[in-house]
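Student: Next one to model:
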Amino acid sequence: HYRGPHRIISAGRCSTRFFTFAAKKWLRFHGRLKIPTPPAHPFAVQLADYADYMKSVGLSAATVRSHTWKSAKFLAWFHELRKSFRYVCLDDVDRFLAIKGATGWNPTTVAVAGQALRSFFRYAESQNWCKSGIAKGIKGPAIPKYNSLPQGPTWKQVQFLLKGCRTNKPADIRARAILMLFALYGLRSSEVTGLLFNDFDWGKRKFTVRRSKRGGFQQYPIQREVGNAIQEYLTKVRPCCPCKHLFLTLRPPYRPMHSSSNYLLTSLRMKRAGMDSARRGPHSLRHSCATRLLERGASLPQIAEFLGHRNSQSVGIYAKFDIASLKTVADFDLGGLR
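Tutor: Just a heads-up that it's a prediction; the model follows:
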């Protein structure tokens, strides 16, 4: 029986969240966690139809998830208005985007949400769920085509970031392998989490990536530094389990990492390293990779192909920072990451 002093101060929000998080993990590990079934989305049927339509026209899984999520956010908000969807109008969409822009979404996120809702309402109008003309009127905030600041850290900062992971800690060993894939190959977060054991052909020193946006597969040579980092992760950190994915959680029950875990892994280490780039996260290292390629003389079409873009217009932003580097052609050897 405990006879020591009792806590007289109530737990704060962070303490409550941490306790709940730890308790859920403990119960899940022992197979005793019972999670109540969340209520069905009021527009679940329409969202499922819309998702099936996007898949049928060949949109990538990442685009389907993104458009469905953003459309679901709007529909949940609209449901709170207690109005029939037959009477939805352009003002409702404008109000939703304005509210999100004023309560945390940055202009780029609002603009992307506007694109997703245009797509959703085009489908909704074709199904006679609402009146026509809404999709054409949806306009997000104006976003400058080229930001005035680079969107990723400099290459010296990338080297410093990777150097900080050279420890014997399992989390750092795994992080170093993942960060190298972001920085040297410019892979997207979902593409890294989607890597499987069978994607790596160590005999031919090549690996295969499933492109999350344009679909299809793309092969890359395994650069020496990257290969060493992945081999160290496989031999020292990765648990022995039947899961086919390359990168797994560090604690049981072992399962594939989620894209959100990659964001935390990257952003927290960038913050600790004191990096002040416009973005923090895997996509910022994708920018660093593209800018590095440009500095070494790669053309925009080459960079577009290397990063898995559909065309060179998507990578035009990098030309803003180093036009002179377009005069020669590089071989994509990014080097210098010892």
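Student: Could you list every helix and strand in contact with the strand or helix carrying Tyr50?
Tutor: Assessed by DSSP states H and E, Tyr50 sits inside helix 44-56. Contacts defined by 3 or more Cβ pairs under 8 Å, 6 or more residues apart in numbering; DSSP states H and E place helix 44-56 against helix 61-79, helix 107-126. Bear in mind the C-beta positions are built from the backbone N, C-alpha and C, glycine included.
Student: I'd like those helices written out as a markdown table, with mean pLDDT added.
Tutor: Formatted as a markdown table, those follow (pLDDT from 0 to 100):
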| stretch | mean pLDDT |
| --- | --- |
| helix 61-79 | 93 |
| helix 107-126 | 94 |
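Student: Dump the ones you listed into TSV; add distance to His287 and mean neighbour count as well.
Tutor: Shown next, in TSV, are the helices and strands packed on helix 44-56 (distance: least, Cβ to Cβ, whole Å; neighbours: other Cβ atoms under 10 Å):
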stretch	distance to His287	mean neighbour count
helix 61-79	18	17
helix 107-126	13	19
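Student: Using CSV, lay out those together with distance to Tyr254.
Tutor: Converted to CSV, the helices and strands packed on helix 44-56 look like this (distance: least, Cβ to Cβ, whole Å):
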stretch, distance to Tyr254
helix 61-79, 23
helix 107-126, 33
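Student: so which of the ones you listed comes closest to Leu184?
Tutor: Nearest of those to Leu184, taken as Cβ to Cβ: helix 61-79 at 21.4 Å.
Student: follow-up on the earlier one: what's the average pLDDT for the helix holding Tyr50?
Tutor: Mean per-residue pLDDT for helix 44-56: 96.
Student: can you pull the buried residues of that helix?
Tutor: By neighbour count on 16 or more other Cβ atoms under 10 Å, the buried set for helix 44-56 is Gln46, Leu47, Tyr50, Ala51, Tyr53, Met54.
Student: Next: stretch 268-275.
Tutor: By neighbour count on 16+ other Cβ under 10 Å, the buried set for stretch 268-275 is Arg269, Met270, Met275.
Student: List the ones among those that fall in helices.
Tutor: With DSSP state H as the criterion, helices contain Arg269, Met270 from among those.
Student: Tell me the one of the buried residues of stretch 268-275 nearest Thr167?
Tutor: Minimum distance to Thr167 across the buried residues of stretch 268-275 is 11.8 Å, recorded for Arg269 (Cβ to Cβ).
Student: Wait, that closest one touches Leu162, no?
Tutor: No - with contact defined as Cβ atoms under 8 Å, Arg269 does not reach Leu162; the gap is 9.5 Å.
Student: if we can go back for a sec, what inclination does the helix holding Tyr50 have with respect to helix 107-126?
Tutor: Helix 44-56 and helix 107-126 meet at an angle of 100 degrees, taking axes from the mean of the first three to the mean of the last three Cα atoms, to 10 degrees as the criterion.
Student: which other residues reach helix 44-56?
Tutor: With contact meaning Cβ atoms under 8 Å, 6 or more residues apart in numbering, helix 44-56 is reached by 41, 63-64, 67-68, 71-72, 75, 85, 119-120, 123-124, 127, 129.
Student: Mind doing that once more with 6 Å?
Tutor: With Cβ atoms under 6 Å, 6 or more residues apart in numbering as the contact definition, helix 44-56 has outside contacts at Val64, Thr68, Ala72, Tyr123.
Student: swap in stretch 118-133?
Tutor: Outside stretch 118-133, the residues that touch it by Cβ under 6 Å, 6+ apart are Tyr50, Tyr53, His67, Ser71, Phe85, Val88, Ile134, Ala135, Ile138.
Student: If we use 10 Å, what do you get?
Tutor: 43, 46-47, 49-50, 53-54, 57, 59, 63, 67-68, 70-72, 74-75, 84-90, 92-93, 117, 134-140 (Cβ atoms under 10 Å, 6 or more residues apart in numbering).
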